[in-house]
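**Q** take this sequence and fold it.
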Amino acid sequence: MDGEWLRAHLPASFSGIPDEAMPAGCSVLHGKVREIVDLGDELLIVASDRVSAFDRILALVPCKGEVLNRMSLYWFAITRDIVANHVVEMVTPRAMRVRKCTPLPVEVVVRGYLAGSAWRDYRDGRAVSGITLPDGLSHNEQLPESILTPSTKAQEGHDRPISEAEIVESGLVGARRWREIREAALALYERGRSHAAERGLVLVDTKYEFGIDDAGTLTLIDELHTPDSSRYWDARQYADRFAAGAAQHHLDKEYLRGWLLERGYSGDGKPPRIPEDVIVELAGRYIDAVERVTGAEFEPMGLDPDREVDRIVDLARSTR
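**A** A predicted model of the protein is given here:
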């Protein structure tokens, strides 16, 4: 999508749902990016255009929430044969109605490449979530086999890495359930990596969240294989950049993290002002990712934030 078009539509970015807009008795849980509206037996998950890095909300990125919502819905639809998910339907460009589930207190990250925090641990001689990797691996190298690196879910602050053995021994998740989660997560990642490769992308790593529904069924929740929850690289450039020891071309939030780190910001103190050029570039990369994954041109449907809020409020009011 043209950068000038994105620049012109910066004012149409969706910042979220104002509390005062909601009907009496209906509250909104505000996350860094998502808003969650309780509809009784169901939830409404709304992806705003907010972008966060280092646990700070930093800017609004045009079309970002719509990309996240539509990309998750696409992946949920083509992975139903692997594990049940919570989706009921898309209700606005940025919102999906989902079944309520009891979230499990562990996030599951599957990694196929040595990048991010896994690389930093490996470089410094530490095990990666209890896994000792072979010697001689390089930054951004494909791992001999995909690995699970879980973490506990923190209400405040940072999540804490935890080994699979610790999860079971501590009672966070029972052994039988954990085996089910492990099998589902690895199968989801392999499906995602294979599909991404067909579309010229490398699905580097990704985060999964699971819950249990009323029938006791393991259920995939939250988002799936989005540029917020995953790292995507351009597969066409991967080999040359890896051989040269150069940074990969990111189609995800890592582009913004890298820009911030280059300016000495990693979450402490006041963040630098993010220029329009960086925001537009980030929006373009998110749109590139959804177009490649889905194989369809991205045509925005949510360019009127007020109308989107009105539709969400009307749905919430109808469930009161």
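**Q** and the strands in the stretch 151-300 of the chain?
**A** Using DSSP state E, counting those that start in this stretch, the strands found in the stretch 151-300 of the chain span residues 151-152, 160-161, 201-212, 218-221, 230-234.
**Q** what's the closest of these to Val91?
**A** The stretch from the strands of the stretch 151-300 of the chain with the least distance to Val91 (Cβ to Cβ) is strand 218-221; that distance is 16.9 Å. Where C-beta positions appear, they are placed from N, C-alpha and C, glycine not excepted.
**Q** now render the strands of the stretch 151-300 of the chain as CSV, adding distance to Val61 and mean neighbour count.
**A** Conversion of the strands of the stretch 151-300 of the chain to CSV gives the following (distance: least, Cβ to Cβ, whole Å; neighbours: other Cβ atoms under 10 Å):
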stretch, distance to Val61, mean neighbour count
strand 151-152, 25, 17
strand 160-161, 28, 14
strand 201-212, 19, 23
strand 218-221, 24, 23
strand 230-234, 16, 24
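**Q** going by mean pLDDT, which of those strands comes out lowest?
**A** Taking the average pLDDT of each of those, the minimum falls on strand 160-161, with a mean of 88.
**Q** can you list the strands that that one pairs with?
**A** Here strand 160-161 is paired, per DSSP bridges, with strand 151-152 (antiparallel).
**Q** can you list contacts of the partner strand?
**A** The set of residues external to strand 151-152 that reach it, using Cβ atoms under 8 Å, 6 or more residues apart in numbering, is 105-107, 109, 129, 159-162, 172.
**Q** can I get the buried part of the residues you listed as one ChimeraX selection?
**A** In ChimeraX, the members of the contacts of strand 151-152 classed as buried (16 or more other Cβ atoms under 10 Å) are selected with the following command:
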select :106,107,109,129,161,162,172
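**Q** of the strands of the stretch 151-300 of the chain, which is nearest Glu141?
**A** Ranking these by distance to Glu141, with Cβ to Cβ as the measure, places strand 201-212 first at 11.0 Å.
**Q** pairing partners for that closest one, with directions?
**A** The sheet places strand 201-212 alongside strand 102-113 (antiparallel), strand 218-221 (antiparallel), strand 230-234 (antiparallel), with pairing taken from DSSP bridges.
**Q** Ala59 is nearest to which of these?
**A** Of all these, strand 230-234 comes closest under Cβ to Cβ, at 19.9 Å.
**Q** so what's the gap between that closest one and the chain middle?
**A** 11 Å (Cα atoms, centre = their mean, to the nearest Å).
**Q** one more: stretch 133-144?
**A** Counting by Cα atoms, centre = their mean, stretch 133-144 comes out at 24 Å from the chain centroid.
**Q** what's the answer for stretch 180-188, then?
**A** What separates the centre of stretch 180-188 from the centre of its chain is 17 Å, taken as Cα atoms, centre = their mean.
**Q** sorry, back to before: and Glu20, which of the strands of the stretch 151-300 of the chain is closest to it?
**A** Taking Cβ to Cβ, strand 218-221 is the member of the strands of the stretch 151-300 of the chain nearest to Glu20, at 28.4 Å.
**Q** mind listing residues that contact that closest one?
**A** Applying Cβ under 8 Å, 6+ apart, the contact partners of strand 218-221 are 76, 79, 83-86, 98-99, 101, 103, 177, 180-181, 184, 188, 208-213.
**Q** the residues you listed in helices, which ones?
**A** Taking DSSP state H as the definition of helices, the contacts of strand 218-221 contribute 76, 177, 180-181, 184, 188.
**Q** tabulate those residues (CSV), appending distance to Ala289.
**A** Putting the ones in helices among the contacts of strand 218-221 into CSV (distance: Cβ to Cβ, whole Å) gives the following:
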residue, distance to Ala289
Phe76, 16
Arg177, 32
Glu180, 29
Ile181, 26
Ala184, 23
Leu188, 17
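**Q** of those residues, closest to Arg257?
**A** Using Cβ to Cβ, Leu188 is the member of the ones in helices among the contacts of strand 218-221 that lies nearest Arg257, at 23.9 Å.
**Q** you'd agree that closest one is up against Tyr208?
**A** Yes: in this structure Leu188 lies within contact range of Tyr208 using Cβ atoms under 8 Å: 6.4 Å.
**Q** if we can go back for a sec, quick one: the strands of the stretch 151-300 of the chain as JSON lines, columns for distance to Gly65 too.
**A** Output for these, formatted as JSON lines (distance: least, Cβ to Cβ, whole Å):
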{"stretch": "strand 151-152", "distance to Gly65": "25"}
{"stretch": "strand 160-161", "distance to Gly65": "28"}
{"stretch": "strand 201-212", "distance to Gly65": "18"}
{"stretch": "strand 218-221", "distance to Gly65": "18"}
{"stretch": "strand 230-234", "distance to Gly65": "16"}
